[in-house]
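Engineer: A structural model of the following input is requested.
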Amino acid sequence: MKIAVLVGSLRKESFSRKVAGALQELAPESLKLEEVALGELAIYNQDLDDEGRPPAAWTAFREQLKAFDGVLFVTPEYNRSVPAVIKNALDVGSRPYGQSVWDGKPGAVVSVSPGGLSAFGANHHLRQALVFLNVPTMQQPEAYIGNAATLFDDNGVLNNERTREFLQNFMTAFAVWAKTNMAKA
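Structural biologist: Next up is the predicted model:
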């Protein structure tokens, strides 16, 4: 199964991106994870769709997402919610109305924070939007990765065995979830 990975931080050395890399490494062979870039998506403006002139980046993003069987969101928390880049990607992919690229794709959410609250707010705000977008989102195990600054070595490699084991189990569960909930073509 082809799984799109959407990272909610644009920073090169973001902890979310490092966790996404670890998830890719730990995924079972049945999942092929690929990060989908979000940084070039212009802020969604319905007028551009209504006038038949969506930005090329929107069109490319929508076409790219159609090719995936599921989606994995790895997000930090900004001001107790999801970063604008993830919310914008949800909006761009859900339009034009009735043509959502998200519809029926199984998903999962991993929230990442250098702090102890583990981006709980972002995780749950994202889940609220995914319900509306008809993304069946894995409920268990939940993934809140806190104290992320302590989990990686200087080369960005995950060096915490408990976290490695948790993420591997998470990805195994997600493989089952994705297969069970994959939209029928």
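Engineer: Buried residues in the longest helix along the chain, which are they?
Structural biologist: Ranked by number of residues, the top helix in the chain under DSSP state H is helix 161-181. By 16 or more other C-beta atoms under 10 Å, the buried positions in helix 161-181 come out as 163, 167-168, 170-175, 177-178, 181. Just so you know, the C-beta spots here come from the backbone N, C-alpha and C atoms, and that holds for glycine as well.
Engineer: nearest to residue 56, of those?
Structural biologist: residue 178 (29.6 Å; C-beta to C-beta).
Engineer: Any stretches of this structure with poor pLDDT?
Structural biologist: Scanning the chain with the threshold set as pLDDT under 70 gives 183-185.
Engineer: Which positions in stretch 89-101 come out as buried?
Structural biologist: Here stretch 89-101 shows 89-95, 100-101 as buried, counting by 16+ other C-beta under 10 Å.
Engineer: Can you tell me which of these end up in helices?
Structural biologist: 89-93.
Engineer: now the strands for this structure?
Structural biologist: With DSSP state E as the criterion, the chain has strands at 2-7, 32-35, 70-75, 107-112, 143-145.
Engineer: Quick check: chain neighbours aside, which residue is closest to residue 87?
Structural biologist: Among residues not flanking residue 87 along the chain, residue 129 sits closest, at 7.4 Å (C-beta to C-beta, 6 or more residues apart in numbering).
Engineer: what pairs with the spatially most central residue of the chain across the strands?
Structural biologist: In the chain, the C-alpha nearest the mean C-alpha coordinate belongs to residue 73, at 1.4 Å (C-alpha atoms, centre = their mean). Beta-bridge partners recorded for residue 73 (DSSP bridges): residue 6, residue 109.
Engineer: That one touches residue 6, doesn't it?
Structural biologist: Yes: using C-beta atoms under 8 Å, residue 73 is in contact with residue 6, at 5.1 Å.
Engineer: who touches both of these two?
Structural biologist: residue 86 (C-beta atoms under 8 Å, 6 or more residues apart in numbering).
Engineer: what about the residue sitting furthest away from the middle of the chain, distance to residue 40?
Structural biologist: The C-alpha centroid of the chain is most remote from residue 51, which lies 29.4 Å away (C-alpha atoms, centre = their mean). Distance, residue 51 to residue 40, by C-beta to C-beta, to the nearest Å: 20 Å.
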